[in-house]
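Asker: need coordinates for the following:
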Amino acid sequence: GHGGIVLEHLKALALHADVSRASRFFWFTTTGWMMWNYLLSGLLVGATIVLYDGSPVHPEPDRLWRLIKEHSITHFGTSAGHIAASMKAGLHPSQLDLSSLRFVGSTGSPLSPEAFAWVYQSVKADVWLSSLSGGTDVCTGFVGGSPLLPVRAGVISGRSLGARVEAYDPEGKPVVGELGELVITAPMPSMPVGFWNDADGSRYREAYFDVFPGVWRHGDWIAILPDGGCIIYGRAAGTGHVPSVPGAARGRSPGGAPRQEGQRAPRPSSGGHAITSDNGDARANADRQARVAGEKVDRAGSMNGER
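Answerer: A predicted model of the protein is given here:
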């Protein structure tokens, strides 16, 4: 109902993104994406919201980044794909006046460690970068950033408040530091309770609860690290494909020194508790599992004549 989604968005914006009356909040989205609802909910916390209708790369590839100066945006949200495209295009938004910018949000797909590094090198060295992941079904996030947690390349800071997220193995057991299926083991306020034209609820149960009875299976691959950090590896349902994620990929820190995946990237000194473990072994193990699973699926597809 309306109450559930209002509660979810108040929590996500006020507590997870630190959006307030003093904020100018923007997220690049169309009306067909759940982030449109998320953007409009900035009004719930009294923020000024900035809406954009048009191409993100016309008349110039840095069109969206220029909005920050034009409208004194404090919270700039976009997709991981747009950040990757900006990086590929060799953009340097830091050459613009981004003095108002405090927060960069990314969602829609996993944000690579290299993209984390690009934001701190080429956008703003002291910005707070928050990668988040959720679902259109619930119109909110399952895992995301927090002003109390550090930013680490390629890692989502933690579970969202009120979201009992676990990684399940094929037997339905929660695992830590290993690749598993993203499940929600307790109700959330904005979960759908049924489908239209599904009088007996069979389609609804098949969509979410057929694999792990009574437990919402969302359809993403996830690894939950020992300190609570999360890594999303892509979709598990529908395509049956697990993306291959190299465990040895490297980024560059804003100062130019090499940085391993999972190592902290700089963030504003807004207080909070630092996490000392870099979870290197756990991440390498999950990366290895994703790579092996992806190779198995690729081989199966080749055997079945898929291209």
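Asker: which non-adjacent residue is nearest Asp198?
Answerer: Spatial nearest neighbour of Asp198, chain neighbours left out: Tyr204 (5.6 Å); criterion: Cβ to Cβ, 6 or more residues apart in numbering. Using the backbone N, CA and C atoms, a C-beta is placed for each residue, glycine as well.
Asker: residues contacting the one you found?
Answerer: Neighbouring residues of Tyr204 by Cβ atoms under 8 Å, 6 or more residues apart in numbering: 192, 194-195, 198.
Asker: now with 10 Å, please.
Answerer: Applying Cβ atoms under 10 Å, 6 or more residues apart in numbering to Tyr204 gives the contacts 192-195, 198.
Asker: the stretch 1-150 of the chain: strands as residue ranges?
Answerer: 24-27, 48-50, 75-79, 103-107, 128-131, 133-135, 140-144 (DSSP state E, counting those that start in this stretch).
Asker: and the third one, what does it pack onto?
Answerer: With contacts defined as 3 or more Cβ pairs under 10 Å, 6 or more residues apart in numbering; DSSP states H and E, the packing partners of strand 75-79 are strand 24-27, helix 34-40, strand 48-50, helix 63-71, helix 80-88, strand 103-107, strand 128-131.
Asker: partners of it, with directions?
Answerer: strand 24-27 (parallel), strand 103-107 (parallel) (DSSP bridges).
Asker: relative to helix 80-88, how tilted is that strand?
Answerer: 90 degrees (axes from the mean of the first three to the mean of the last three Cα atoms, to 10 degrees).
Asker: in CSV, list the C-alpha atoms belonging to strand 75-79.
Answerer: What follows is strand 75-79, C-alpha atoms only, in CSV (Å, rounded to 0.1, in the frame of the first residue of the first chain):
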residue,chain,number,x,y,z
HIS,A,75,23.0,14.6,-4.4
PHE,A,76,23.6,13.4,-7.9
GLY,A,77,22.2,9.9,-8.8
THR,A,78,22.7,8.0,-12.0
SER,A,79,23.2,4.5,-13.4
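Asker: and the angle for that strand with helix 63-71?
Answerer: Using the same axes, to 10 degrees: strand 75-79 against helix 63-71 is 170 degrees.
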